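Visitor: my questions concern the predicted model and sequence given below.
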Amino acid sequence: DTGVSQDPRHKITKRGQNVTFRCDPISEHNRLYWYRQTLGQGPEFLTYFQNEAQLEKSRLLSDRFSAERPKGSFSTLEIQRTEQGDSAMYLCASSLDLLLAGGAYSYNEQFFGPGTRLTVL
Amino acid sequence: AQSVTQLDSQVPVFEEAPVELRCNYSSSVSVYLFWYVQYPNQGLQLLLKYLSGSTLVKGINGFEAEFNKSQTSFHLRKPSVHISDTAEYFCAVSDQGGSNYKLTFGKGTLLTVNP
């Protein structure tokens, strides 16, 4: 178990450019979350996947943002036409949630990656 | 909707002193409660969690927290801090009855332990 990894760790880009981040969850974790953390704030939920299905998106996730998780393994988060307000730390987390009888999912700890720090100039 | 308020943005203490980091939450449904720690340039690490049962929860590194439902609080305490406890601490909640378990975080408390 090597933990959640994220790549790159740092990204500096110019306004208007597109950027893509990658998250590799803990092997066999079926849930994957993306959060955004701006300076002086706590992380805010962006979106999450159950296997390859994207089940919820925050209103923070404008149409310039897109996330994918092909094959239910790694995930990518793309930001198109970056703006200075996109500068933040982007955190990925994964968990192994088990489907219980009755259709509910059990809670399990979310393990966080080190984050990708994006700076938009 | 849920919200979390961390009452102190910064808490400076001396080494070996006790510390309490305060957290209040608001929610229309029952919640799970968490404390995470973030060291510089690192991701979040879970310190402890309250899911059910005893309202006094013990976590890693000697931290503990007490859930108070009537006061909607979940304060974090440590009887004697070390220099290595210097970090940002986040309180978070998650909807118990939800299916996504997304976390709602407070703004964080920077704990600085001085020699």
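Guide: In hand now; what should we look at?

Visitor: find the nearest non-adjacent residue to the most centrally placed residue in chain A, please.
Guide: Centroid-nearest residue in chain A, with CA atoms, centre = their mean: residue A:34, separated by 2.4 Å. Distance criterion CB to CB, 6 or more residues apart in numbering or on different chains; nearest residue to residue A:34, sequence neighbours excluded, is residue A:46 at 4.3 Å. Any C-beta I mention is one placed from the backbone N, CA and C, and that applies to glycine too.

Visitor: so for that neighbour, what's the pLDDT?
Guide: Predicted confidence (pLDDT) for residue A:46: 96.

Visitor: any idea of the mean pLDDT for stretch A:15-31?
Guide: Computed over stretch A:15-31, the average pLDDT equals 95.

Visitor: look at the residue nearest to residue A:34 and give its secondary structure.
Guide: strand (DSSP: H, G, I helix; E, B strand; the rest coil).

Visitor: so it touches residue A:61, yeah?
Guide: Yes - using CB atoms under 8 Å, residue A:46 is in contact with residue A:61, at 5.2 Å.

Visitor: which one of those two has more residues nearby?
Guide: residue A:46 (22 against 19; other CB atoms under 10 Å in any protein chain shown).

Visitor: residues near the residue nearest to residue A:82 when sequence neighbours are not counted, how many?
Guide: For residue A:82, ignoring the flanking residues on the chain, the nearest one in space by CB to CB, 6+ apart is residue A:120 at 4.7 Å. Other residues lying near residue A:120 total 19 when counted by other CB under 10 Å.

Visitor: and residue A:1, what pLDDT?
Guide: Residue A:1 is given a pLDDT of 54.

Visitor: for residue B:51, give its distance to residue B:73.
Guide: 17 Å (CB to CB, to the nearest Å).

Visitor: sorry, back to before: secondary structure element holding the residue nearest to the centre of chain A?
Guide: strand A:31-37 (DSSP states H and E).

Visitor: please work out which residues outside that strand touch it.
Guide: Outside strand A:31-37, the residues within contact range by CB atoms under 8 Å, 6 or more residues apart in numbering or on different chains are A:23, A:25, A:43-50, A:60, A:67, A:69, A:75, A:77, A:88-97, A:110, A:115, B:101-103.

Visitor: now the helix or strand of chain A with the lowest mean pLDDT against strand A:31-37, angle please.
Guide: Lowest on mean pLDDT, DSSP states H and E among the helices and strands of chain A sits strand A:53-57, with a mean of 92. Interaxial angle of strand A:53-57 relative to strand A:31-37 (axes from the mean of the first three to the mean of the last three CA atoms, to 10 degrees): 30 degrees.

Visitor: helix/strand/coil for residue B:61?
Guide: helix.

Visitor: got it, and residue A:2?
Guide: coil.

Visitor: buried set for the host helix or strand of residue B:25?
Guide: Using DSSP H and E, the element containing residue B:25 is strand B:23-26. Applying a neighbour-count criterion of 16 or more other CB atoms under 10 Å in any protein chain shown, one finds B:23-25 buried in strand B:23-26.

Visitor: kindly report the same for stretch A:52-61.
Guide: In stretch A:52-61, counting by 16+ other CB under 10 Å, buried: A:54, A:56-58, A:61.

Visitor: give me the pLDDT for the residue of chain B found nearest chain A.
Guide: In chain B, the residue that lies nearest chain A is residue B:105 (3.2 Å; CB to the nearest CB). With respect to pLDDT, residue B:105 scores 97.

Visitor: excluding its backbone neighbours, what's nearest it?
Guide: residue A:42 (3.2 Å).
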